[in-house]
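Peer 1: Sequence plus predicted model, see below.
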Amino acid sequence: MPIKLPTPASVHNLLLHESEPAFDLKCRARWRICSAAVLMAMLLFFNGSVQADDNAAWLKKETERQVAGCKIKSDSGVWLHTPDGVGHYKALWTRDYYYFVKYAGEFIDDENLKTSIQYILDGQRADGCVPDRVNIEGKPIYSPGGEKKPMADHALDNAPFLALLACAYVHRTGDHDFFRKIEPKLRKGLDHIRRGENGLVYNPPANPQCVYGFTDIVAKTGHLLFSSLLYYQACDELDEVQKAMGGDHVVNYRVRADLIARNLSMLWDDQAGMYLAAEVDCRQIDIWGSAYAASIGLATDEQQDRMADYLLAHWDEVFRRGQVRHLPGTQGWQRLFKDKDEYPVGYYINGAHWATPLPWVVPVVARRSPERAKRLVIDVINDFQANGVAECLNGDTTRKVPNFVASITNLYAASEWLANQD
């Protein structure tokens, strides 16, 4: 049945009431103007609600389509969720798959989650190193970069991401037997990562390894922010799983997590009100990392408010079409594994804008400006509807890797978070 909208006259009559004494012409004119204003507000609210519902329906459908469309079958028969739906990245990436499960897990079944965890674990190196990805032949690759030209020996984020996948599976299924079977391997993966006495992940400047995968070409060194946050999160969630199981355990993951929490302040820039990406090389304000610290509970309310103030004050330096730069302004990363001529400032990880961090950035912005937080999500939806889902924006015109799944899953999570705040 079509909805019958009110007219200015009907609103006017409702406000005026026919039984009231007659008003003079000036008073009636004012009431007419007032009635029109009320109607306009009602129409704007109605149209906004319809648009929001349409956006939410499109986003859910598109997320489900992208998650389903990125699957390819391995030689052993395991269905692998690859990072994109166009065959650009033909492997199961540990970190990307975690984002699919974390932010759009309703579209991935428990059995696929279990077999994918095992598929990655089957590629674990003897020294404990967890693969960056495993291809359709079942071959593990440990470092970002080309298979024949790796950027380093390994990446520092894959063991935490794998542990987080395992925790997600246990939370969903209660399969403690599977956890008991794989926990020693998860622990060996975490133990492979170099940490300082303060608990933070440490990357030696003389021989750096790749760091968080969405900054994999960046040679951050010294004590690291994002890698330490992931390590903390993995230990925190492993501790929760073990507590739920009861009994004694070989490792107290709570001790590891608490050590990081106590010492993370060494990377806090109190003047800016943001966290720094690293201690030595790339000691720069980290937009993504600061927001992620807030999302996992490693930033105080005061720190989160200061982060929000920073983002609002540097809005045009950070956001484009709702998507987010790693660094503010026109900065590029100070040290790369790649030639800077190949990755100039403004291109890809060295300055493009991404949808990936929206689940962490949107709640921070919302602390000070809920309307701007909503605007970020709407702007990305509008961009994806008009131009297609992409990995990132290089400037105003160039888009890298279409059908990039983490972009839509993470946008979906940010949108759902906002919906739950209303």
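Peer 2: Sure thing, it's come through. Numbering: from 1, shown residues only.

Peer 1: what packs against the helix or strand containing Asp316?
Peer 2: Using DSSP states H and E, the element containing Asp316 is helix 315-318. Using 3 or more CB pairs under 8 Å, 6 or more residues apart in numbering; DSSP states H and E as the contact criterion, helix 315-318 has no neighbours among helices and strands. The C-beta positions use only the backbone N, C-alpha and C, and glycine is treated the same way.

Peer 1: buried stuff in that helix?
Peer 2: Val318 (16 or more other CB atoms under 10 Å).

Peer 1: for stretch 285-293, same thing?
Peer 2: Quick answer for stretch 285-293 (16+ other CB under 10 Å): Ile285, Asp286, Ile287, Trp288, Gly289, Ser290, Ala291, Tyr292, Ala293.

Peer 1: For the helix holding Asp316, give me every contacting residue.
Peer 2: Helix 315-318 is contacted by residues Ile287, Leu311, Val324, Arg325, Pro328, Gly329, Thr330, Arg372 when judged by CB atoms under 8 Å, 6 or more residues apart in numbering.

Peer 1: Please apply the same query to stretch 144-162.
Peer 2: Here stretch 144-162 has contacts from 94-95, 98, 117, 120-121, 128-132, 135, 141-143, 186, 189-190, 192-194, 201, 203, 208-213, 216-217, 224, 226-227, 230-231, 233-234, 337-338, using CB under 8 Å, 6+ apart.

Peer 1: so how far is Gln284 from the nearest residue to Gly332 once chain neighbours are set aside?
Peer 2: Spatially, and ignoring its direct neighbours in sequence, Gly332 is nearest to Val345 (3.4 Å; CB to CB, 6 or more residues apart in numbering). Distance from Val345 to Gln284, counting by CB to CB, to the nearest Å: 12 Å.

Peer 1: neighbour-wise, which of these two wins?
Peer 2: Gln284 (20 against 12; other CB atoms under 10 Å).

Peer 1: ok, back up a step: just flag the most distant two among the buried residues of stretch 285-293.
Peer 2: Ile285 and Tyr292 (13.5 Å; CB to CB).

Peer 1: State the distance from the residue nearest to Gly332 to Leu156.
Peer 2: Val345 is 24 Å from Leu156, by CB to CB.

Peer 1: thinking again about what came up before, show the buried residues in the contacts of stretch 144-162.
Peer 2: Buried among the contacts of stretch 144-162 by 16+ other CB under 10 Å: 94-95, 98, 117, 120-121, 128-132, 135, 141-143, 186, 189-190, 192-193, 201, 203, 208-213, 216-217, 224, 226-227, 230-231, 233-234, 337-338.

Peer 1: Helices - which of those residues land there?
Peer 2: Per DSSP state H, helices hold the following members of these: 94-95, 98, 117, 120-121, 186, 189-190, 226-227, 230-231, 233-234.

Peer 1: Could you verify my assumption that Gly413 touches Gly105?
Peer 2: You called it Gly, but residue 413 is Ala. No: contact criterion CB atoms under 8 Å: Ala413 and Gly105 do not qualify, at 9.8 Å.

Peer 1: So which residue is smack in the middle of this protein?
Peer 2: Pro357 (3.6 Å; CA atoms, centre = their mean).

Peer 1: quick one: which helix or strand includes the closest residue to that one other than its chain neighbours?
Peer 2: Spatial nearest neighbour of Pro357, excluding adjacent residues (CB to CB, 6+ apart): Trp288 at 4.4 Å. Using DSSP H and E, Trp288 sits within helix 287-295.

Peer 1: what's the spacing between that helix and its chain's center?
Peer 2: On the basis of CA atoms, centre = their mean, to the nearest Å, helix 287-295 sits 10 Å off its chain's mean C-alpha point.

Peer 1: Which strands or helices does it pack on?
Peer 2: helix 226-245, strand 274-275, helix 301-313, helix 358-368.

Peer 1: What about Gln271, how many residues nearby?
Peer 2: 6.

Peer 1: that's a strand at it, yeah?
Peer 2: No: when classified by DSSP: H, G, I helix; E, B strand; the rest coil, Gln271 is found to be coil rather than part of a strand.

Peer 1: residue contacts, it?
Peer 2: Gln271 neighbours (CB under 8 Å, 6+ apart): none.

Peer 1: any idea how far it is from Cys210?
Peer 2: Note on Gln271: its distance to Cys210, by CB to CB, is 29 Å.
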